[in-house]
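Asker: Fold the following and give me the result.
(chains A and B)
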Amino acid sequence: AQKVTQAQTEISVVEKEDVTLDCVYETRDTTYYLFWYKQPPSGELVFLIRRNSFDEQNEISGRYSWNFQKSTSSFNFTITASQVVDSAVYFCALSEVDTGRRALTFGSGTRLQVQP
Amino acid sequence: DARVTQTPRHKVTEMGQEVTMRCQPILGHNTVFWYRQTMMQGLELLAYFRNRAPLDDSGMPKDRFSAEMPDATLATLKIQPSEPRDSAVYFCASGLVGDGGQPQHFGDGTRLSIL
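Answerer: Numbers count the residues shown, from 1 in each chain, chains lettered A, B, ... in the order given. Coordinates of the predicted model:
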């Protein structure tokens, strides 16, 4: 069965520090997608990035970067030079293609607090 | 930007009452999902539809919950009768799911409180 684990429940950093959020997943599918979503205090879920299982290239978007490693079933997310506006709960999620289960399986989330 | 629209945003009602939550997916999206978020269980799937047909409702308590898509622009989630344990935030999401792994776009949620 599919599973997503975010072992870090809460992380607190001071502004301008770099922070990495960990995500480990389990799936039997060979084709799948991994996602990161952000949930700010206002409560909405905001899509950040999608990565498919055949694309292990790391990606950088501004202060955000993602490290996908199939060998360790991990899809970690790094925020460089964190800002107070980054304070939110971040969810990693998995969508399976082979089994046709396109619904997202979410991790339990990591609450990031960035202190000024 | 196109958005998923959910109504109502907040709902407070007494135990035993019927609750109906509505969702307008993004035009052109072929898949609609209902998720529930609670402190204890996190984000969990309740049901989803593709091209208006239900594909998976295994996460939904069948005796009191029902989900439908009367047309391509409306999805509904009903609880009857409601119970205090149904208090949660209910999210609707839509996507264009084929082989492209398109992301799901979420509505702002309905915050439900059952007294």
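Asker: CA only for contacts and neighbour counts going forward, please
Answerer: Fine.
Asker: Surely A:K70 touches A:E56?
Answerer: Yes - the criterion here is Cα atoms under 8 Å, and A:K70 meets it with A:E56 at 7.3 Å.
Asker: Now the closest residue to chain B within chain A: which helix or strand?
Answerer: Closest approach between chain A and chain B, counting by Cα to the nearest Cα: A:E44, at 4.9 Å. Under DSSP states H and E, no helix or strand contains A:E44.
Asker: try A:L94
Answerer: strand A:88-96.
Asker: for the record, mean pLDDT for that strand?
Answerer: For strand A:88-96, mean pLDDT is 95.
Asker: Tell me the helix or strand right after that strand.
Answerer: Counting by DSSP H and E, what follows strand A:88-96 is strand A:105-106.
Asker: what are the phi and psi angles of the most centrally placed residue in chain B?
Answerer: Nearest to the mean C-alpha position of chain B, counting by Cα atoms, centre = their mean, stands B:W34 at 3.1 Å. B:W34 adopts backbone torsions of phi -120, psi 130, taken as degrees, to the nearest 10.
Asker: What sits closest to it if chain neighbours are left out?
Answerer: B:C92 (4.6 Å; Cα to Cα, 6 or more residues apart in numbering or on different chains).
Asker: Check that neighbour and give its pLDDT.
Answerer: pLDDT, B:C92: 97.
Asker: Surely it is within a strand?
Answerer: Yes - counting by DSSP: H, G, I helix; E, B strand; the rest coil, B:C92 is found in a strand.
Asker: give me the number of residues near the residue of chain A closest to chain B?
Answerer: Other residues near A:E44 come to 15 when the count uses other Cα atoms under 10 Å in any protein chain shown.
Asker: isn't it right up against B:G107?
Answerer: Yes - using Cα under 8 Å, A:E44 is in contact with B:G107, at 7.1 Å.
Asker: residues contacting the residue in chain B positioned nearest to chain A?
Answerer: The nearest approach of chain B to chain A comes at B:D108, 4.9 Å away (Cα to the nearest Cα). Neighbouring residues of B:D108 by Cα atoms under 8 Å, 6 or more residues apart in numbering or on different chains: A:G43, A:E44, A:L45, B:V4, B:T5, B:Q6, B:R9, B:F91.
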